[in-house]
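Asks: sequence plus the predicted model coming up.
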Amino acid sequence: MSALPLAGIRILSVEQYGAGPYGTLLLAQLGAEVIKIEDAARGGDVSRSVGPYLLGTEDSDFFQTFSYGKKSVALDLKSAGGRAAFEQLVRRSDAVANNLRGDQPEKLGLTFETLKQVNPKIVCAHLSAYGRSTGRADWPGYDYLMQAEGGFMLLSGEPDGPPVRCGLSVVDFHTGSQMATGLLAGIIGALRTGEGSDIDVCLFDTALHQLSYPATWYLNRGHEIERLPRGAHPSIAPSQLVRTADGWGLLMCQTPKFWELWCARAGAGHLAIDPRFIDIPARRENLGALTEAVDAVMSAATTSDWTARLAGHVPFAPVLSLADALDNPYVAETGMTTQLAHPEAPSGYRALSAPFRINGERPALTRGPGLGEHNSEFGI
């Protein structure tokens, strides 16, 4: 593959665990040189020891997930020698990222106010739980907490069930993506003006921002959406889980056209003319009856039968386990998994591929770095 879009961009990152490393992983996969700044005395990035699956003594499956294609420099930012080495790197870098607690970047001298003395074009990207300039700057925080306080957990699950957390750390990953976006915007600005900046994102703000149109409805109309059975869409029906002969599917008739197509392809012409389901408002008003009627039709065939029958015509997806999702032949067809070399995995190490295609090709992946593996490359 020819040079990736971010080739030549160097980013230093004082990062650990998930949110920050996810953001810089995206940048690395787009070609940036991402150098993890790790404290060897503390074992480096804490995720190196996150189980249950370890790779040797200073690596893990969890660490690899967020570290493909990065480099590692081990130094102590609090020591004179470590600080001097760090500033040498800053002079030759475009950005410094971190995902520390909100009160830590200033204490460690990772802000633009401090580092502009070293490099006036440096962009300092900060990812924290609650931000650096709020009353919660010194609070630790995690994705799950944001799902709770941000309203996610009472928007998920069945109406009569307990609050439900999303099974993945969606706030972490979205915040990391926002950090990557802000960091790149800062670099573009520095190229244009010659002056760097501080870019701040936090988990709490991101969680609130993800409330999206339901937030707009509440802020302007006082309308608070409620949990509906089967994870149904708040205003369009049917757009929900449906029962099949052997499991579940997700049917989304988001437009009148798709409802009409579903009725035709499912052999449910009687529902197309039923006055209770004649249009979207009627279907939404009669959601309980609609669910029973759609289930009666869908339960006559298996999930795979419906997937084949509706494919490319009506939005429908099978509800799969993690294993089935990854073993799906379509995943292999699209190249969303790959194999790379790792010294602790002689037979090869499987990984999720980059989510980008550059000129039709996914960027190749290499393993995450050993702790301090690249010290000598940078004279440290």
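Replies: Everything's here; your move.
Asks: going forward, measure contacts between C-alpha atoms and count neighbours the same way
Replies: Fine.
Asks: what pLDDT does the nearest residue to Pro234 once chain neighbours are set aside get?
Replies: Spatial nearest neighbour of Pro234, excluding adjacent residues (C-alpha to C-alpha, 6 or more residues apart in numbering): Ile225 at 6.7 Å. As predicted, Ile225 sits at a pLDDT of 95.
Asks: helix or strand for Ile225, which one?
Replies: If you go by DSSP states H and E, Ile225 is not part of any helix or strand.
Asks: same question for Leu250.
Replies: Here Leu250 is assigned to strand 248-252, by DSSP H and E.
Asks: could you export the longest helix seen in the chain as CSV, CA atoms only?
Replies: With DSSP state H setting the assignment, residue counts place helix 170-193 as the longest helix in the chain. The C-alpha atoms that make up helix 170-193 are tabulated as CSV, following Å, rounded to 0.1, in the frame of the first residue of the first chain:
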residue,chain,number,x,y,z
VAL,A,170,-19.4,2.5,23.8
VAL,A,171,-18.7,5.7,25.7
ASP,A,172,-15.0,4.9,25.9
PHE,A,173,-14.7,4.2,22.2
HIS,A,174,-16.7,7.2,21.1
THR,A,175,-14.8,9.5,23.4
GLY,A,176,-11.5,8.1,22.0
SER,A,177,-12.8,8.7,18.5
GLN,A,178,-13.7,12.3,19.4
MET,A,179,-10.2,12.8,20.8
ALA,A,180,-8.7,11.6,17.6
THR,A,181,-10.9,14.0,15.6
GLY,A,182,-10.1,16.9,17.8
LEU,A,183,-6.4,16.1,17.7
LEU,A,184,-6.4,16.0,13.9
ALA,A,185,-8.3,19.3,13.8
GLY,A,186,-5.7,20.8,16.1
ILE,A,187,-2.9,19.7,13.9
ILE,A,188,-4.6,21.1,10.8
GLY,A,189,-5.0,24.4,12.7
ALA,A,190,-1.3,24.4,13.7
LEU,A,191,-0.3,23.8,10.1
ARG,A,192,-2.4,26.8,9.1
THR,A,193,-1.5,29.2,11.9
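Asks: helix or strand next in line after that helix, which one?
Replies: Beyond helix 170-193 toward the C-terminal end (DSSP H and E), the next one is strand 197-202.
Asks: what segments of the stretch 251-380 of the chain are helices?
Replies: For the stretch 251-380 of the chain, the helices defined by DSSP state H, counting those that start in this stretch occupy 256-265, 269-272, 280-285, 287-298, 303-310, 322-327, 329-334.
Asks: again but with the stretch 51-200 of the chain, I slipped
Replies: According to DSSP H, counting those that start in this stretch, the helices that the stretch 51-200 of the chain contains are 61-65, 80-91, 104-107, 112-115, 143-149, 170-193.
Asks: nearest to Phe204, of these?
Replies: helix 143-149 (5.8 Å; C-alpha to C-alpha).
Asks: any idea which helix or strand carries the residue nearest to Lys70 when sequence neighbours are not counted?
Replies: What sits nearest to Lys70 in space, not counting adjacent residues and going by C-alpha to C-alpha, 6+ apart, is Val34, at 5.1 Å. Element membership for Val34, per DSSP H and E: strand 33-38.
Asks: quick one: strands adjacent to that strand?
Replies: strand 10-14 (parallel), strand 71-74 (parallel) (DSSP bridges).
Asks: mind putting the ones you listed into TSV with mean neighbour count, mean pLDDT and distance to Arg362?
Replies: Formatted as TSV, the strands paired with strand 33-38 follow (neighbours: other C-alpha atoms under 10 Å; pLDDT from 0 to 100; distance: least, C-alpha to C-alpha, whole Å):
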stretch	mean neighbour count	mean pLDDT	distance to Arg362
strand 10-14	23	98	21
strand 71-74	24	98	20
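Asks: select, out of those, the one closest to Met146.
Replies: strand 10-14 (22.4 Å).
Asks: what sits up against that closest one?
Replies: Contacts of strand 10-14 with the rest of the structure, by C-alpha atoms under 8 Å, 6 or more residues apart in numbering, involve 24, 32-38, 89-90, 92-100.
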